[in-house]
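S.K.: Here is my input; please provide its structure:
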Amino acid sequence: MNSDLLYSDTEEALRDSVRQLLADRCPPEAVMRLYDPGPPDFSGVWKELAADLGVAGLLVPDELGGAGASAREAAVVLEEIGRAVASVPYLSSAVLATVALLQAGETDTLTGLATGEVTAALAVPLSTAPGDSVTGVSTGAGGLTGEVTSVAGAAEADVLVVPATGPNGLELHTVSCADAGVEVSPILALDMTRPLANVRFSGASSSLAGTGSAEAALEAALQTGAALLASEQLGVAQWCFDTTLDYIKQRKQFGRAIGSYQAIKHRMADLWLEVSSAAAAARYAADTCARSDLDAAVAAAMAQTYCSDVAVHAAEECIQLHGGIGMTWEYPAHLYLKRAKSDQLALGTGYRHRAWLAELVDLPHDDRS
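M.R.: As a prediction, this is how the structure comes out:
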């Protein structure tokens, strides 16, 4: 089925609204303070983004109070979040947790997520790839017990969506972070704009999340997350390219703009091609996901394989071509390199996705991750 990958007027209007809000409330100088003692609190930014703009409910159906939109619109939001390296739990709450609950058939929590009144997180390590088995938490008469490490968005969440092993196999549970049996411990991460935390359950009270297959719900959440993470990586790469292009047009050396030197031109031309190709890959992944296309899993894996490396390369070029200023703590380029490198390891490394693609066409590969 042919599909139009161009952005619609609605998507462009959504982009403008998100970009303006993040520019006003989440400028680079504020984001950089996350690495200082007493970092700023961006929960107000998330509330404005989630509730006032309504982006938290983009993937939630109309009948549950959401916007009834698709992965295409969610991808636009993630592009802008990547462009601003905004410290908001959109991926963890509005994508991973929301899709898992939708697929499981849970409705109560989704209503709160749609309005932005509730923030959730999927309690799996951020490195979990689609198809990975999830262990560490079990459920029984005494409640949930076990531990999950490196959970994105757990510190900001009101509710955790927890895959747990029960008597009949994998189950999906919801548990309040205010429960006495839940301990959320923030950890030091490379990218402090996407906080991680370890979560320990000690007899926590929980509710079964819907009646659908937990395995299918978890797989859908991780695959959708991988597909849309590529759009965030595109946003990171696009900011790095645009900012570097502006800089080399203005910075002069030996009486000439450094962008006039052939070596710099060639590097920027190569980077433009990479970023443009990443845009096509990320957009196709979001579109196939929105249409539940049979090619969605392949598109997601291809987008992650390509876009994750492009984002890192764009951030590296941004730092190098800015020269001395690019190496300084006061310039925001390091934020983009950290986000790009962190994203490169999230929801499955590029190698993991390439290995899965190799299996589809019977290419030999080893089991390295």
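S.K.: distance of the nearest residue to G166 once chain neighbours are set aside from V182?
M.R.: Once flanking residues are discounted, G166 sits nearest to T139: 4.7 Å by C-beta to C-beta, 6 or more residues apart in numbering. Placement of C-beta: from N, CA and C, glycine included. Note on T139: its distance to V182, by C-beta to C-beta, to the nearest Å, is 14 Å.
S.K.: out of these two, which sits in the busier spot?
M.R.: V182 (23 against 20; other C-beta atoms under 10 Å).
S.K.: what's the neighbour count on the residue lying closest to S342 once chain neighbours are set aside?
M.R.: Of all residues not flanking S342 in the chain, D191 sits nearest, at 3.7 Å (C-beta to C-beta, 6+ apart). Look at D191: counted by other C-beta under 10 Å, it has 22 neighbours.
S.K.: Same check on the one 10 residues further on?
M.R.: Applying the criterion other C-beta under 10 Å, we find 26 residues in the vicinity of F201.
S.K.: Could you do V76 as well?
M.R.: Counted with other C-beta under 10 Å, residues neighbouring V76 total 27.
S.K.: Return the residues in contact with G105.
M.R.: Listed by C-beta atoms under 8 Å, 6 or more residues apart in numbering, the contact partners of G105 are G210, T211, G212.
S.K.: How about V60?
M.R.: G66, A67, G68, T98, L102, L110, L113, A114.
S.K.: doesn't P61 make contact with the third one?
M.R.: Going back to what we said before, that points to G68. Yes. Taking C-beta atoms under 8 Å as the definition, G68 is a contact partner of P61 at 5.2 Å.
S.K.: on contacts alone, who are the packing partners of the helix or strand harbouring T288?
M.R.: Per DSSP states H and E: T288 is located in helix 262-290. In terms of contacts (3 or more C-beta pairs under 8 Å, 6 or more residues apart in numbering; DSSP states H and E), helix 262-290 is packed against helix 71-84, helix 214-250, helix 296-321.
S.K.: what's the helix or strand following the second one packed up against?
M.R.: Okay, so that is helix 214-250. Under the assignment DSSP H and E, the closest C-terminal helix or strand after helix 214-250 is strand 252-253. Here strand 252-253 touches no other helix or strand, going by 3+ C-beta pairs under 8 Å, 6+ apart.
S.K.: helix/strand/coil for L160?
M.R.: strand (DSSP: H, G, I helix; E, B strand; the rest coil).
S.K.: so after the strand or helix carrying A30, what's the next helix or strand?
M.R.: Using DSSP H and E, A30 sits within helix 28-31. Next along the chain after helix 28-31, taking DSSP H and E as the criterion, comes helix 43-47.
S.K.: For V275, list the residues it contacts.
M.R.: L234, A237, Q238, F241, V310, A314.
S.K.: got those residues as TSV, with pLDDT, distance to E147 and neighbour count columns?
M.R.: Conversion of the contacts of V275 to TSV gives the following (pLDDT from 0 to 100; distance: C-beta to C-beta, whole Å; neighbours: other C-beta atoms under 10 Å):
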residue	pLDDT	distance to E147	neighbour count
L234	98	34	28
A237	98	35	32
Q238	98	37	20
F241	98	40	22
V310	98	34	27
A314	98	36	28
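S.K.: ok, these vs A30, which is closest?
M.R.: Nearest to A30 among the contacts of V275, counting by C-beta to C-beta, is Q238 at 20.5 Å.
S.K.: hang on, that closest one packs against E79?
M.R.: Yes. Applying C-beta under 8 Å, one finds Q238 in contact with E79, separated by 7.4 Å.
S.K.: In stretch 207-225, which residues have enough neighbours to count as buried?
M.R.: For stretch 207-225, the neighbour count (16 or more other C-beta atoms under 10 Å) marks 209-210, 212-215, 217-225 as buried.
S.K.: now do stretch 117-131
M.R.: Per 16+ other C-beta under 10 Å, stretch 117-131 contains these buried residues: 118-130.
S.K.: Please tell me how far that stretch is from the chain's geometric centre.
M.R.: Its chain's C-alpha centre and that of stretch 117-131 lie 10 Å apart, by C-alpha atoms, centre = their mean, to the nearest Å.
S.K.: host element of P163?
M.R.: Secondary structure from DSSP H and E places P163 in strand 159-166.
S.K.: hmm, who's touching that strand?
M.R.: For strand 159-166, contacts defined as C-beta under 8 Å, 6+ apart pick out 97, 100-101, 109, 112, 118-124, 134-135, 137-140, 144, 146, 148, 151, 154, 170-177, 182, 199, 201, 206, 209, 214, 218.
S.K.: Let's see which of those residues end up in helices.
M.R.: Taking DSSP state H, the ones among those that sit in helices are A100, L101, T109, G112, A214, L218.
S.K.: can you pull the contacts of the last one?
M.R.: With contact set as C-beta under 8 Å, 6+ apart, L218 has these partners: A100, V124, V134, P163, L170, L172.
S.K.: Please determine how far the third one is located from P163.
M.R.: Taken as C-beta to C-beta, the spacing of V134 relative to P163 amounts to 5 Å.
S.K.: Show me which of those two is the more surrounded one.
M.R.: Taking other C-beta under 10 Å, V134 and P163 do not tie; P163 has more neighbours (25 against 20).
S.K.: in the sheet, who's paired with that one?
M.R.: Note on P163: beta-bridge partners by DSSP bridges are L172.
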